[in-house]
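Trainee: Below are the sequence and a predicted model for it; my questions follow.
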Amino acid sequence: MPIRVRIQPSPIAGQGLFAAQEIKRGTRIIPYVGEKIAKAESVKRLRAGNAYIFAFNARYNIDGEGLDNTARYINHSCDPNCLVEQTATTLWIVAMRRIKAGEELTYNYGYEAKKYRCNCGAPQCCGYILDEEYWS
Ligand SMILES: C[S@@+](CC[C@H](N)C(=O)[O-])C[C@H]1O[C@@H](n2cnc3c(N)ncnc32)[C@H](O)[C@@H]1O
Ligand SMILES: [Zn+2]
């Protein structure tokens, strides 16, 4: 059974993705789908302002900009309720804990530099869209 989610305006940024039902911890909610592109092509697309590129492995990234990629609406949080699980073929958005109907889905984007200010609103927000590993 597909997990029910909906796209709606987010207090974090633009549109966000919200749970439309209770979701149990460990559930694979939706895949992050898109075009598989080489790293060099990713650099070009990132420079052109594409905010939907996800690192997949040492050779390839996934460009999830397509509107069929519902996971593209998931915002970053410093206190996320989801994580991204990578299998050989798929990037899955997985619930890190029980998520109630109506909660916004978030994961940590895992950025390595303090480049973008974060608006997640979590009490422990580090101020930037940044992997916890780099919080100081
Ligand atoms: C993958 S999109 C997420 C969906 C986006 N809100 C939309 O309406 O299409 C990533 C972009 O959303 C915004 N964003 C996501 N999380 C954010 C956060 N915690 N603080 C500020 N902006 C955020 C940034 O502009 C980022 O480049
Ligand atoms: Zn934050």
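Mentor: That came through, no problem. Ligands and ions are numbered 1, 2, ... in the order given.
Trainee: what does the protein have sitting close to ligand 2?
Mentor: For the chain, the residues in contact with ligand 2 (C-beta under 5 Å from the ion) are Cys78, Cys118, Cys120, Cys125. For glycine as for every other residue, the C-beta is placed from the backbone atoms N, C-alpha and C.
Trainee: thought the third one was touching Asn75?
Mentor: Yes. The pair Cys120 and Asn75 passes the contact test of C-beta atoms under 8 Å, sitting 7.3 Å apart.
Trainee: Identify the contacts common to these two.
Mentor: Taking C-beta atoms under 8 Å, 6 or more residues apart in numbering as the criterion, Cys120 and Asn75 both touch Ile12, Thr106.
Trainee: List the residues that contact the residue in the chain positioned nearest to ligand 1.
Mentor: Scanning the chain for proximity to ligand 1 using C-beta to the nearest ligand atom identifies Gly14 as nearest, at 2.5 Å. Going by C-beta under 8 Å, 6+ apart, Gly14 touches Asn75.
Trainee: buried set for the lowest-mean-pLDDT helix or strand in the chain?
Mentor: When the helices and strands of the chain are scored by mean pLDDT, DSSP states H and E, strand 53-55 comes last with a mean of 92. Across strand 53-55, burial judged by 16 or more other C-beta atoms under 10 Å covers Ile53, Phe54.
Trainee: contacting residues around that strand?
Mentor: Residues outside strand 53-55 that contact it (C-beta under 8 Å, 6+ apart): 32, 34, 37, 42, 45-46, 61-65, 84, 91.
Trainee: how about a cut-off of 7 Å?
Mentor: Under the criterion C-beta atoms under 7 Å, 6 or more residues apart in numbering, residues Tyr32, Ser42, Arg45, Leu46, Asn61, Ile62, Asp63, Gly64, Leu91 lie in contact with strand 53-55.
Trainee: What of stretch 18-30?
Mentor: For stretch 18-30, the surrounding residues in contact (C-beta under 7 Å, 6+ apart) are 3-6, 8, 70-71, 82, 92-105.
Trainee: I'm done for today, thanks for sticking with me.
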